[in-house]
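In: below are the sequence and a predicted model; questions follow.
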Amino acid sequence: MSGLAAKSALVFGLSLIGAGATVSPALAESPHERGPDPTESSVTAPRGHFDTDTTSVSSLVSGFGGGTIYYPTDTSEGTFGGVVIAPGYTAGESSMSWYGHRLASQGFVVFTIDTNTRYDQPNSRGRQIDAALDYLVEDSDVNDTVDGDRLAVMGHSMGGGGTLAAVDDRPEVRAAIPLTPWHTSKNWSSVETPTLIVGAENDVTASVRSHAIPMYESLPSSLDRAYLELRGASHFAPNVSNTTIAKYSISWLKRFVDEDERYEQFLCPPPSTGIGTDFSDYRDSCPHGG
């Protein structure tokens, strides 16, 4: 471009701005982006971009009841964020196993754990989630694959209550996803971790009116938060492969663990609710990241 043309272009651009035109900056690229540009097909697929493998953790470890770690086998793009997932009351890690390869293949190290006993209460499960995070980063066979500064937690039922307890105690965790959570406490106003709560419309074990919704509403209004309520679903919806849960969990983890703004499109604007949709309710603090 000649000097005259460049000057004319600059003047034209400044005149547009002066006239009130807005310039939309390109999304900032995160150094933690993993995998190709996402699409609706990629976030709903049973498997993502990365090949995965597993390693078992003995029940004799201290602090929790062992489990299974799912991890990407290709580390050429760098380390990955870590996700610990806890089961609900009386359940074992097998009830959460479907998340393993599905999330790991999207670029996460995923640790589905057993609890010390199947009857442990939410706060105990929260402490065990915390212990599992430490084990994953410090002592696991894949500790060189996981980034200890980019961690997330998930859990079902009392494991979901434990998820909230864990991040309430460990605010540096990047993302939390309580799944049809149960806890005697409904006030989580001190939580600082971006939190996606998944509720189920027909949950009679942890009714959304007495658990998921008041938990969500208690979170600080300034927090990045979302509430997803599955239409016609029961308390146990998170225990079986569910494309909607997977899509929004992957997007939430990518957005806040990897700071990958390419996934904001799947969270904001919020989806439609009502007859003919997957949601009986959906609430979100869009747009995310302030």
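Out: Received it, and whenever you're ready, just let me know what you need.
In: and the nearest residue to G159 once chain neighbours are set aside, how far is that from H211?
Out: Among residues not flanking G159 along the chain, A86 sits closest, at 3.5 Å (CB to CB, 6 or more residues apart in numbering). All C-beta atoms are positioned from the backbone trio N, CA, C, and that covers glycine. To H211, A86 is 16 Å away according to CB to CB, to the nearest Å.
In: quick one: which of the two has more around it?
Out: Neighbours per residue, other CB atoms under 10 Å: of A86 and H211, the larger number sits with A86, 36 against 25.
In: check the gap between the more buried one and E259 for me.
Out: Where E259 is concerned, A86 sits at a distance of 24 Å (CB to CB).
In: where along the stretch 151-290 of the chain do the helices fall?
Out: All helices of the stretch 151-290 of the chain, identified by DSSP state H, counting those that start in this stretch, fall at 158-169, 212-218, 243-256.
In: quick one: contacts of the longest one?
Out: Helix 243-256 is contacted from outside by 38, 43-44, 48, 81, 83, 99, 102-103, 106-108, 152, 154, 174-175, 177, 179, 194, 196, 198, 224, 226, 228, 230, 237-238, 260-264, 266-267, 278, 288, using CB atoms under 8 Å, 6 or more residues apart in numbering.
In: what does the residue nearest to G159 show for phi and psi?
Out: As for A86, its main-chain torsions (degrees, to the nearest 10) stand at phi -110, psi 140.
In: check contacts around it.
Out: Counting by CB under 8 Å, 6+ apart, A86 touches 96, 113, 115, 125, 128-129, 132, 153-156, 159, 162-163.
In: surely S190 is in contact with V167?
Out: No. The pair S190 / V167 is not scored as a contact, 9.8 Å apart, by CB atoms under 8 Å.
In: between those two, which is the more surrounded one?
Out: Between S190 and V167, counting by other CB under 10 Å, V167 is the more crowded of the two (28 against 12).
In: coming back round to it: in TSV, list the helices of the stretch 151-290 of the chain along with mean pLDDT and distance to Q121.
Out: Conversion of the helices of the stretch 151-290 of the chain to TSV gives the following (pLDDT from 0 to 100; distance: least, CB to CB, whole Å):
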stretch	mean pLDDT	distance to Q121
helix 158-169	98	6
helix 212-218	98	16
helix 243-256	98	24
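In: those: which one's closest to T205?
Out: helix 158-169 (10.1 Å; CB to CB).
In: if we can go back for a sec, please tabulate the helices of the stretch 151-290 of the chain in CSV, including the columns distance to S62.
Out: Output for those, formatted as CSV (distance: least, CB to CB, whole Å):
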stretch, distance to S62
helix 158-169, 17
helix 212-218, 30
helix 243-256, 27
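In: closest one to N202 among those helices?
Out: Proximity to N202, assessed across these by CB to CB, is greatest for helix 212-218 (12.5 Å).
In: show me what the closest one is packed against.
Out: When contacts are defined as 3 or more CB pairs under 8 Å, 6 or more residues apart in numbering; DSSP states H and E, helix 212-218 sits against strand 195-200, strand 225-230.
In: let's see it at 10 Å
Out: The contact analysis (3 or more CB pairs under 10 Å, 6 or more residues apart in numbering; DSSP states H and E) places helix 212-218 against helix 158-169, strand 175-179, strand 195-200, strand 225-230, strand 279-284.
In: so in that sheet, which strands flank the fourth one, and in what orientation?
Out: When you say that, I think you mean strand 225-230. strand 195-200 (parallel), strand 279-284 (antiparallel) (DSSP bridges).
In: tell me which of these lies nearest to D53.
Out: The nearest among the strands paired with strand 225-230, by CB to CB, is strand 195-200 at 27.2 Å.
In: returning to what we had before: now, of the helices and strands packed on helix 212-218, which is deepest in the fold?
Out: Ranked by mean neighbour count under mean count of other CB atoms under 10 Å, the helices and strands packed on helix 212-218 are led by strand 175-179, which reaches a mean of 30.
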